[in-house]
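# no sequence for this one, just the structure:
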């Protein structure tokens, strides 16, 4: 068939338009990225107008500012390095432009995650901080060059992975923030006794018991903490920001001092009342464990107050570990066979309430300190 076959009068019956619509969950995922301080950019081979329309539809920032492949070719790297800070849509581009954009954004101090599926995307995926290939329609070369492969080719899965990654980061920080101060407190308690030639408030086997039974169980509970409510409404952490910072060091010093005061305070109280050295040490050991339990509930919230009903309720893992520790403490305190092993004695009921009271007072002090620090930082 040639042009001669269609010459003459033609009647227009209608037009047909085709569109590759974005997934329904993409818009919500991008909103979550924006709230989390993550900049989302779109690199496409489509026309600039089409790209801008899709950008507005899915909620990209600055959708009316579009750079095309021609703009990229005619702009030097020095100028483009500044321009790309405010542009999130790149149209009429080919895969090789991705590599240039990755290099430019990394030179701006950005941590770059790049997605791709074609063979030509491999260099950009390799150069990015996190190369993400499509598992469904992605080429073998792209998958091999990438750090991650999406099984469902869904952008929302990347956002879910970011959320999970932040949760893991927070939980690691919680474990450190709980373990370091409590261990430091136990260590300082022994060091002070040795330096001042005082009677040890806890024996070596009792410290070993705390580290093997109490510390391990309570520390494990923090590894299963759920995602905090504002996790995806906080800016990303700098890659150079250490886990152990000045705030944690200050908290470590405070908690160590309070543990020292609590243990020696209850130990001195017991000695002054004429209790045996075994009962005094039993009170000291249980006070140390109770304070560590209260510290566990405090440290579950890194970024907000610890005095909410949700925090008090905790999680099943937290209460299981706390129950295990409490049963273990009751066993070494009141079981005759274990009393001989750990040199302990049964604690009177009122003294038991005093031990809990010390834990409550400790909890209130660290909560007030946290709230004061938050207010001063604002």
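On my side now, so go ahead. Because the structure is a prediction, the values reported are computed rather than measured.

# lowest confidence element among the helices and strands of this protein?
helix 309-313 (a mean of 67; mean pLDDT, DSSP states H and E).

# Next secondary structure element downstream of that helix?
Beyond helix 309-313 in the direction of the C-terminus, DSSP states H and E gives the next helix or strand as helix 316-334.

# Neighbouring strands - and their directions - for the host helix or strand of residue 132?
Residue 132 belongs to strand 130-134 when assigned by DSSP H and E. Strand pairing for strand 130-134, determined by DSSP bridges: strand 113-116 (parallel), strand 148-150 (parallel).

# In the first one, which residues are buried?
Of the residues in strand 113-116, those with enough neighbours to count as buried (16 or more other CB atoms under 10 Å) are 113, 114, 115, 116. All C-beta spots, glycine's among them, are computed from the backbone N, C-alpha and C.

# next one: stretch 143-159
Across stretch 143-159, burial judged by 16+ other CB under 10 Å covers 143, 145-146, 148-150, 153-159.

# Now tell me what touches it from outside.
Stretch 143-159 is contacted by residues 23, 25-26, 28-30, 32-33, 113, 115-117, 121-123, 125-126, 130-138, 161, 232 when judged by CB atoms under 8 Å, 6 or more residues apart in numbering.

# May I see the buried residues of stretch 143-159 arranged in TSV, with secondary structure, pLDDT and distance to residue 349 as well?
Below are those laid out as TSV (DSSP: H, G, I helix; E, B strand; the rest coil; pLDDT from 0 to 100; distance: CB to CB, whole Å):
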residue	secondary structure	pLDDT	distance to residue 349
143	helix	93	65
145	helix	93	67
146	coil	94	63
148	strand	93	57
149	strand	94	60
150	strand	92	59
153	coil	89	63
154	coil	91	59
155	helix	91	60
156	helix	92	56
157	helix	93	55
158	helix	93	56
159	helix	94	53
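
# how close does residue 12 sit to residue 156?
Residue 12 sits 41 Å away from residue 156, going by CB to CB, to the nearest Å.

# Quick one: residues contacting residue 63.
Residue 63 neighbours (CB under 8 Å, 6+ apart): 52, 55, 56, 88, 89.

# Correction: the previous question concerned residue 252.
Neighbour list for residue 252: 180, 181, 184 [criterion: CB under 8 Å, 6+ apart].

# Now do the SS call for it.
The assignment at residue 252 comes out as helix when based on DSSP: H, G, I helix; E, B strand; the rest coil.

# Pull out the buried positions in stretch 111-128.
For stretch 111-128, the buried set under the neighbour-count rule, 16+ other CB under 10 Å, comprises 112-118, 120-128.

# again with stretch 349-363
The neighbour-count check on stretch 349-363 (16+ other CB under 10 Å) flags 351, 354, 355, 358, 359, 362, 363 as buried.

# now swap in stretch 210-228 and tell me
For stretch 210-228, a neighbour-count test (16+ other CB under 10 Å) marks 210, 213, 214, 215, 217, 218, 219, 221, 222, 225, 228 as buried.

# what's the span of it, first residue to last?
29 Å (CA to CA, to the nearest Å).

# quick one: contacts of it?
Against stretch 210-228 from outside (CB under 8 Å, 6+ apart): 163-164, 166-167, 170-171, 174-175, 178-179, 182-183, 186, 202, 285, 288-289, 292-293, 296, 299-304, 315, 317-318, 320-322, 324-325, 328-329.

# Would you format the strands paired with strand 130-134 as a markdown table with distance to residue 74 included?
Shown next, in a markdown table, are the strands paired with strand 130-134 (distance: least, CB to CB, whole Å):
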| stretch | distance to residue 74 |
| --- | --- |
| strand 113-116 | 23 |
| strand 148-150 | 34 |
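
# Fine by me, we can end here.
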